[in-house]
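Asks: turn this into a structure:
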Amino acid sequence: MAPGSTVSYGATYTTKRAERLATLGIGYADGLPWRLSNRGQALIGGVRVPIRGGVCMDVTSVDVSGAPGVEAADVATLLGRDGGEEVALADFAKAAGTIEYEVLTAIGRRLPRHYVGGPGAAADGSR
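Replies: Alright, predicted model coming up:
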């Protein structure tokens with residue numbers, strides 16, 4: 001996007017330079033807190049990328065200008081570890097202005113669950 005372009009509903013972010021944005025298929029309907037608009041971050045390819053604009057109902061934009069090689073269908077990690085980087089639950093909750101339990105209980109049904117380890121889990125992580 002060219003410098004001076006606005007992003008998301010309400011034009012809540014304006015690019016300061018040429019920026020490459022990616023659209024993530026997750027939003028507040030999935031449990032990603034709206035309060036992370038313009039302040040949260042994700043990990044793509046082990047690189048931190050900032051959320052730009054508002055977290056929308058079904059999508060969220062991130063600035064991948066500093067993450068060379070990002071392509072469509074790459075995995076974005078919003079909570080957890082990717083490479084040597086991590087978005088810890090406590091940091092995620094603090095950025096969203098809430099507590100850790102609220103973050104976890106707000107994760108919507110549209111997101112798949114993969115259980116790994118723990119009581120009742122099969123060796124391959126399935127149940």
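Asks: quick one: contacts of the lowest-mean-pLDDT helix or strand in the chain?
Replies: Least confident helix or strand, the chain: strand 80-82 with a mean of 94, by mean pLDDT, DSSP states H and E. Strand 80-82 is contacted from outside by 43, 44, 45, 46, 75, 86, 87, using CB atoms under 8 Å, 6 or more residues apart in numbering. For the C-beta atoms, the positions are set from N, CA and C on the backbone; glycine is no exception.
Asks: and these, which of them are in strands?
Replies: Of the contacts of strand 80-82, the ones assigned to strands by DSSP state E are 43, 44, 86, 87.
Asks: of those, which is the nearest to residue 28?
Replies: Lowest distance from residue 28 to these (CB to CB) belongs to residue 87, with 17.2 Å.
Asks: per-residue confidence at the closest one?
Replies: Here the pLDDT value assigned to residue 87 is 97.
Asks: beta partners for it?
Replies: With DSSP bridges applied, residue 87 shows beta-bridge pairing to residue 80.
Asks: hmm, it is touching residue 76, no?
Replies: No - with contact defined as CB atoms under 8 Å, residue 87 and residue 76 do not form a contacting pair (10.5 Å).
Asks: common neighbours of the two, please.
Replies: Joint contacts of residue 87 and residue 76 (CB under 8 Å, 6+ apart) are 42, 43.
Asks: what are the ranges of the strands in the chain?
Replies: With DSSP E as the criterion, the chain has strands at 6-7, 13-14, 21-24, 41-44, 47-52, 60-63, 76-77, 80-82, 85-87.
Asks: now find how far off-centre the longest one is within its chain.
Replies: Mean C-alpha position of strand 47-52 versus that of the full chain (CA atoms, centre = their mean, to the nearest Å) differs by 8 Å.
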